[in-house]
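1. next come a sequence and a model predicted from it.
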Amino acid sequence: MERKRIWGWWFFDWASQPYATLLTTFIFPVYYAEVARNHYVAQGMTPEAASAAAQSLWGYGLAISGFIIAVLAPVLGAIADNSGRRLVWVWVFSALYMAGAWGLWFLMPEQPHLVTAIACFGIGLIGMEFATIFTNAMLPGLTSRDDVGRVSGSGFAFGYLGGVIALFLMLMFLAENSQTGRTLLGIQPVLGLDPALREGTRAAGPLTALWYLVFMIPFALWVPETPGPRRPVRIRAAMADLWTLLKSLRHRRSLTAFLLSSMFSRDALNGLYAFGGIYAGAVLGWPVILSGIFGIVAALSATIICWFGGRADRRWGPKPVTIVCTVVLILVCTIIVGMKRSAIMGIPLAEGSHLPDAIYFICGALIGGAGGVIQAAGRTLVVLHTSAERATEVFGLYALSGKATTFLAPFLIALTTGLSGNLRLGITPLIGMFLLSLILLIWVQPKGEPEQ
């Protein structure tokens, strides 16, 4: 029974990963950047100014979504722990996930409603993040504390594999090249989708929603509600419990330092995920299909890295693993800022050189792998700092730490890009955020600390 529950819990990662793979990173952002750039060029902007405007609008949209998540995450966690119910919240926010994802279908290549598309993306993102809080809170009850790292890492690896398969299907049968109207398989999009209207690429939204609906079935069948008493929702009592927890952070230096470190690292990481596709399309000139191939390579690498990361977590602990991965991400950001089609770190390249493409492929694999391991190790560290009874509340704080400044990375990227007019320089704030997260890890106890 325990093994089936773990597999059911892993299926949430499998079901939800396409939102990150197809909609946040590799397919929809590239399509959005292309559509928005063409729209702004048609209004009289230069191509470079149009790309910067598209990235800025995307950044402000993500910032608003992040602010909503940051405000509500710990409150919802406290309410769930106080009532003893978690599954009902998973299904409520699953509905938002699917509605937001499906709404992206309506971003047309001509006369696009850019703000509406970003709003739909934000609704789906909010649904995914809130559903994740409650599924993460079930982790302490799945296995022993010593085995949490392996289960968490394997869950991320399984999720990445699901994302790879969804991306593969998208590229083979749906996403069309904007020039030829053909998919990577050399055919027109299946189901009679019109390539002239980019219906194959726009299908990323409905595919993500349907994928989630189908693959949440094992979760629904195999993962029962968390054991314990059931109580009516008492908002005042929940807020009192949350306030007690927040006050206790003054005396829990390890948990506080970890939450702050996680706040900066995950915000920077989400910035890389959100703007990686836009960077590939605008700086390197990649079409959607090439970005998708890049996604398959990166996600396959991330699957393997996350699986090994879970074993490393179990052997050496989550803190050393997090330190190594953060250093890797700092190096990757430095390379991205210093690279463009014609030069790398100021060193000129021959015209038509594919070296930037190859380097970006490697960077993508490292971002996916290191980012996945950091998030899996973060789940382990949360478990080591809480109990099964109060897990949702602390995971709510964990979500808050990941979203309290979620508006900051997109805002700084949008602001830096807007002021400099340069997409590459827009990535530079992420380096400072990763460095801050690394410094804060000094005060985190590798084995956690007792609750107070």
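-> Thanks, I have it.
2. which residues in this protein form strands?
-> Here the chain has its strands, by DSSP state E, at 339-340, 343-344, 347-348.
3. which one of those strands lies closest to residue 437?
-> Set against residue 437 and scored by Cβ to Cβ, the strands of the chain come closest in strand 339-340, at 23.2 Å. C-beta: built from backbone N, CA, C; applies to glycine.
4. note down every partner strand of the closest one and its orientation.
-> strand 343-344 (antiparallel) (DSSP bridges).
5. so who does residue 424 touch?
-> 279, 283, 336, 337, 338, 339, 340 (Cβ atoms under 8 Å, 6 or more residues apart in numbering).
6. most tightly surrounded among the strands of the chain?
-> Highest mean neighbour count of those: strand 339-340, a mean of 18 (counted as mean count of other Cβ atoms under 10 Å).
7. chain center to that strand: distance?
-> 24 Å (Cα atoms, centre = their mean, to the nearest Å).
8. wait, which of the strands of the chain is closest to residue 432?
-> strand 339-340 (18.8 Å).
9. ok so, going back, how about CSV for the strands of the chain, with mean pLDDT and distance to residue 65 added?
-> Below are those laid out as CSV (pLDDT from 0 to 100; distance: least, Cβ to Cβ, whole Å):
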stretch, mean pLDDT, distance to residue 65
strand 339-340, 78, 29
strand 343-344, 78, 34
strand 347-348, 80, 38
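10. residue 196 is nearest to which of those strands?
-> strand 339-340 (32.0 Å).
11. was I right about residue 149 contacting residue 378?
-> No - under the criterion of Cβ atoms under 8 Å, residue 149 is not in contact with residue 378, lying 10.8 Å apart.
12. which neighbours do those two have in common?
-> In contact with both residue 149 and residue 378: residue 318, using Cβ under 8 Å, 6+ apart.
13. which one's more surrounded, the two?
-> residue 149 (28 against 23; other Cβ atoms under 10 Å).
14. residues touching that one, list them.
-> Per Cβ under 8 Å, 6+ apart, neighbours of residue 149: 310, 313, 314, 317, 318, 376, 377, 380.
15. for the residue nearest to residue 431 when sequence neighbours are not counted, grab the count of nearby residues.
-> Excluding the flanking residues, the one nearest residue 431 by Cβ to Cβ, 6 or more residues apart in numbering is residue 333, at 4.8 Å. When neighbours are counted by other Cβ under 10 Å, residue 333 registers 23.
16. check residue 394 too.
-> 24.
17. distance of the closest residue to it other than its chain neighbours from residue 93?
-> Nearest non-adjacent residue to residue 394, counting by Cβ to Cβ, 6+ apart: residue 386, 4.0 Å away. According to Cβ to Cβ, to the nearest Å, residue 386 and residue 93 sit 21 Å apart.
18. same check on residue 72?
-> Relative to residue 93, and taking Cβ to Cβ, residue 72 is found at 11 Å.
19. which one's more surrounded, those two?
-> Ranked by neighbour count (other Cβ under 10 Å), residue 72 and residue 93 place residue 93 first, with 21 against 18.
20. the more buried one contacts residue 127, doesn't it?
-> Yes - between residue 93 and residue 127 there is a contact at 4.5 Å, judged by Cβ under 8 Å.
21. and residue 386, how many neighbours?
-> Residue 386: 22 neighbours (other Cβ under 10 Å).
22. what do you get for residue 44?
-> 8.
23. what of the one 5 residues further on?
-> For residue 49, the neighbour count with other Cβ under 10 Å is 15.
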